[in-house]
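Chemist: next input, structure requested:
(one chain, ligands or ions: 1)
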Amino acid sequence: MNRAVSSIRSRRHVARLGFSRAAASSSQAAVEAWDGRFRLHKPRGQHLLTNPRVLDAIARHAALRPGDAVLEVGPGTGNLTVRLLSSPAAHVSAVEIDLRMVEAVTARADALGLSHKLTVITGDAVEVEFPEFDVCVANIPYGISSPLIAKLLFGGRGHYRFRAATLLLQKEFARRLVAAPGDPEYNRLAANVRMVADARLLMDVSKRDFVPMPKVDSSLVEIVPRPADAAAAPGVDLPEWLAFTRACFGQKNKTLGAIFKQKRKVLELFRRSRDAEGRHDDDDSGSSSSSSLVALGGDDDGEISDGDSNESYDGAGGFSEEEIAAFKAKIGGALESSELAGKRPSKLSNEELLRLLRLFNDRGIRFQ
Ligand SMILES: C[S@@+](CC[C@H](N)C(=O)[O-])C[C@H]1O[C@@H](n2cnc3c(N)ncnc32)[C@H](O)[C@@H]1O
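Modeler: Now for the predicted structure:
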């Protein structure tokens, strides 16, 4: 994981407070509703949450404790930030991409005399290295939901270790995040999150509680990472798992037997497995997970095209038909031992999927 972590580019500019108090009046700080100071950019997800009851509920659900270090992503003008700052938490680090928002939240904290508890990090939350934090609480821009959750759970220097993340997400995304195997919404995102954390819905929030009103409703979700020593699957090679779920859920409604019979899939796995063997022989490079970390994925990533499993492999990629046939037999053997060939990935538990991954790996079949 360290390798993956270091691959996340760090572009950090910390704007410590020191803003003139004159920049914001205390009456302004008390105003929740958007006051129209500047144009909000919808492509940046700039929908400000303005219902005080919802903001209070988010802060309550976060259950901040004395001494907590809080991470907020996308503080905007600070409607949620002021509540986090007024909580028993010791410190809030807020990552914001828009300089106008950085100034607004900074001025607001200053006006409330809470600037000593706030650090604003100017930058893209997907790219900057987060400081250590105990709890993440945020109404995030929905466009970065997947990479942000991937980063929280699988990124960071040697992993971020935190107690919980309380995140406001697009309602449909939230449903997919907490879906269980067999649910119609079950998908790769949910399977990957389930591997390392528990996620649950806390409450729904109407689009009418935002300014400007977005097209979609929202849901508050809590993600609680499992402590490393209590992980569901100790010893799981996470990058390999992430690549495996990508392969399985690329066509989640096909059976595993059909997915792993496809010519293109077989050839891709054959190449990967040979490369992995080479890496192993070199005994150096190890696994690279960064590509898997960009996004935890959704349904039907579409990386695999339908292929006729009876197509000839002759000359494909410079490999002989015999080599490919032997590799196909290995895949078939793993599927047969797992007794999962006839099952769809979206119906399987992580334990079942992991069993299949281990059977593949035992036969030298590698996914990344
Ligand atoms: C949905 S608004 C939430 C604002 C505020 N938290 C609230 O509840 O009113 C999202 C905020 O995230 C910021 N933002 C958008 N993309 C970002 C990114 N990649 N990294 C950090 N902040 C981002 C936007 O500028 C905006 O201020």
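Chemist: restricting to C-alpha, output stretch 62-80 in CSV.
Modeler: The C-alpha trace of stretch 62-80 is given here as CSV (Å, rounded to 0.1, in the frame of the first residue of the first chain):
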residue,chain,number,x,y,z
ALA,A,62,-20.5,12.9,13.5
ALA,A,63,-20.4,12.6,17.3
LEU,A,64,-17.2,14.5,17.6
ARG,A,65,-15.1,14.0,20.7
PRO,A,66,-12.8,16.3,22.7
GLY,A,67,-9.5,16.3,21.0
ASP,A,68,-10.7,15.0,17.7
ALA,A,69,-8.9,16.1,14.5
VAL,A,70,-11.5,16.6,11.8
LEU,A,71,-11.1,16.5,8.1
GLU,A,72,-13.7,18.4,6.0
VAL,A,73,-13.7,18.2,2.2
GLY,A,74,-15.2,21.1,0.4
PRO,A,75,-16.1,23.5,3.2
GLY,A,76,-17.6,26.0,0.8
THR,A,77,-18.6,29.2,2.7
GLY,A,78,-18.4,27.3,6.0
ASN,A,79,-22.0,26.4,6.9
LEU,A,80,-20.9,23.0,8.2
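Chemist: can you mark which positions in that stretch are buried?
Modeler: Using 16 or more other C-beta atoms under 10 Å as the test for burial, stretch 62-80 gives 62, 64, 68-80. (Glycine included, C-beta is placed from N, CA and C.)
Chemist: quick one: is that stretch near the ligand?
Modeler: Yes - remark: stretch 62-80 sits within contact range of the ligand at 73-76, 79-80, by C-beta under 6 Å from any ligand atom.
Chemist: which members of those are the farthest-apart pair?
Modeler: Spatially, the most separated pair among those is 73 and 79, at 14.0 Å (C-beta to C-beta).
Chemist: what about residue 342, how many neighbours?
Modeler: Here the number of neighbours of residue 342 (other C-beta atoms under 10 Å) works out to 10.
Chemist: identify the residue nearest it in space, chain neighbours excluded?
Modeler: Nearest non-adjacent residue to residue 342, counting by C-beta to C-beta, 6 or more residues apart in numbering: residue 255, 5.4 Å away.
Chemist: and the gap between the one you found and residue 331?
Modeler: With distances taken as C-beta to C-beta, to the nearest Å, residue 255 is found 13 Å from residue 331.
Chemist: what are the buried residues along whichever strand or helix holds residue 104?
Modeler: For residue 104, the host element (DSSP states H and E) is helix 99-111. Buried residues in helix 99-111, counted by 16+ other C-beta under 10 Å: 100-111.
Chemist: looking at those, which one is closest to residue 335?
Modeler: After measuring the buried residues of helix 99-111 against residue 335 - C-beta to C-beta - the closest member comes out as residue 101, at 51.0 Å.
Chemist: doesn't residue 76 make contact with that closest one?
Modeler: Yes - counting by C-beta atoms under 8 Å, residue 76 is a contact partner of residue 101 at 5.3 Å.
Chemist: now for the two: what residues contact both?
Modeler: Shared contacts of residue 101 and residue 76 (C-beta atoms under 8 Å, 6 or more residues apart in numbering): residue 46.
Chemist: list phi and psi for residue 346.
Modeler: Phi and psi for residue 346, reported as degrees, to the nearest 10, are phi -70, psi -10.
Chemist: er, residue 195 actually
Modeler: Here is the backbone geometry of residue 195 (degrees, to the nearest 10): phi -60, psi -30.
Chemist: ok, residue 73 next?
Modeler: Dihedral angles (degrees, to the nearest 10) for residue 73: phi -110, psi 120.
Chemist: I am finished for the moment; much appreciated.
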